[in-house]
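# Kindly generate the corresponding structure for this input.
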Amino acid sequence: MTVGLSATISFINLHPSKTEFPVTWISIRGIGTEIDHNTVILGGNYPGAVEVQNSSGLLIRNNLLTQPVWNRGDADYSAQGNKTDATNSDLAQPGLPHLNPDSSAVDFPGTISLPSVSSDIDGDQRPEGDRPDAGCDEIGALNWLIFLDGFESGDIGQWVS
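Numbers count the residues shown, from 1 in each chain. Below is the predicted model of the structure:
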């Protein structure tokens, strides 16, 4: 995904399956663009979950990323509250945007309250804990309960009598 000019990018969940070169990431060339509360889990060693180039005034905040922001040249940006060592274990289920309740992205140190992003990808209020969670999902007091029944894994045995 490439964005130009001024925009706000929130709630993207990118999870490519390739291991050598990703098929999706966030690439920014713009002025005043805000990249807030996204989840980008890349496979392989590609150096930029978020790439910036030929840009100014970018704000990159509270994202869950597998790599730090990659400045490919002539970009002026501020990055704050990003978890840049994300793995599949940060997610409740790989490929889906929901956080594992045990992830260090929950109430991630350094995240900041962003009034313009007051809810998550599911519409849940943000923040639910002491701080906003990094990424597009916000863990609430009851969010983790939906994963206890095993249904999300495809096991419907306990639902069949």
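# From now on I want contacts and neighbour counts done on CA atoms only, so please keep to that.
Noted.
# What is the neighbour count of the residue nearest to G81 when sequence neighbours are not counted?
Leaving out its chain neighbours, the residue that sits closest to G81 by C-alpha to C-alpha, 6 or more residues apart in numbering is T111, at 3.9 Å. T111: 21 surrounding residues under other C-alpha atoms under 10 Å.
# Quick one: residues contacting T111.
Taking C-alpha atoms under 8 Å, 6 or more residues apart in numbering, we find T111 in contact with R61, N62, Q80, G81, N82, R131, P132, D133, A134.
# N62 is in contact with the fourth one, correct?
I take that to be G81. Yes - the pair G81 and N62 passes the contact test of C-alpha atoms under 8 Å, sitting 4.5 Å apart.
# intersection of neighbour lists for these two?
Common neighbours of G81 and N62 (C-alpha under 8 Å, 6+ apart) are T111, I112, A134.
# quick one: which of the contacts of T111 is nearest D102?
Nearest to D102, judged by C-alpha to C-alpha, of the contacts of T111 is D133 at 11.9 Å.
# Contact partners for that closest one?
Here D133 is in contact with N62, A105, V106, D107, F108, T111, P127, I139 (C-alpha under 8 Å, 6+ apart).
# helices or strands up against the helix or strand hosting Y77?
Using DSSP states H and E, Y77 sits within strand 75-80. Counting contacts by 3 or more C-alpha pairs under 8 Å, 6 or more residues apart in numbering; DSSP states H and E, strand 75-80 packs against strand 55-61.
# and with 10 Å instead?
The elements that strand 75-80 packs onto, with contact taken as 3 or more C-alpha pairs under 10 Å, 6 or more residues apart in numbering; DSSP states H and E, are strand 26-30, strand 34-36, strand 50-52, strand 55-61.
# so where's this protein uncertain?
Along the chain, the model assigns pLDDT under 70 to residues 1-25, 141-161.
# I'd like the distance between G57 and I26.
Distance, G57 to I26, using C-alpha to C-alpha, to the nearest Å: 16 Å.
# quick one, which of these two is more surrounded?
Neighbour count, other C-alpha under 10 Å: between G57 and I26, I26 has more, with 19 against 15.
# wait, that one sits on I41?
No - checked against C-alpha atoms under 10 Å, the pair I26 and I41 is beyond contact range at 11.1 Å.
# This structure: helices as residue ranges?
Listed in chain order, the chain contains no helices at all (DSSP state H).
# And the residue nearest the centre of it?
Note on the chain: the residue nearest the mean C-alpha position is T39, at 1.8 Å, using C-alpha atoms, centre = their mean.
# That one touches E138, doesn't it?
No - using C-alpha under 10 Å as the test, T39 is too far from E138 to be in contact (11.4 Å).
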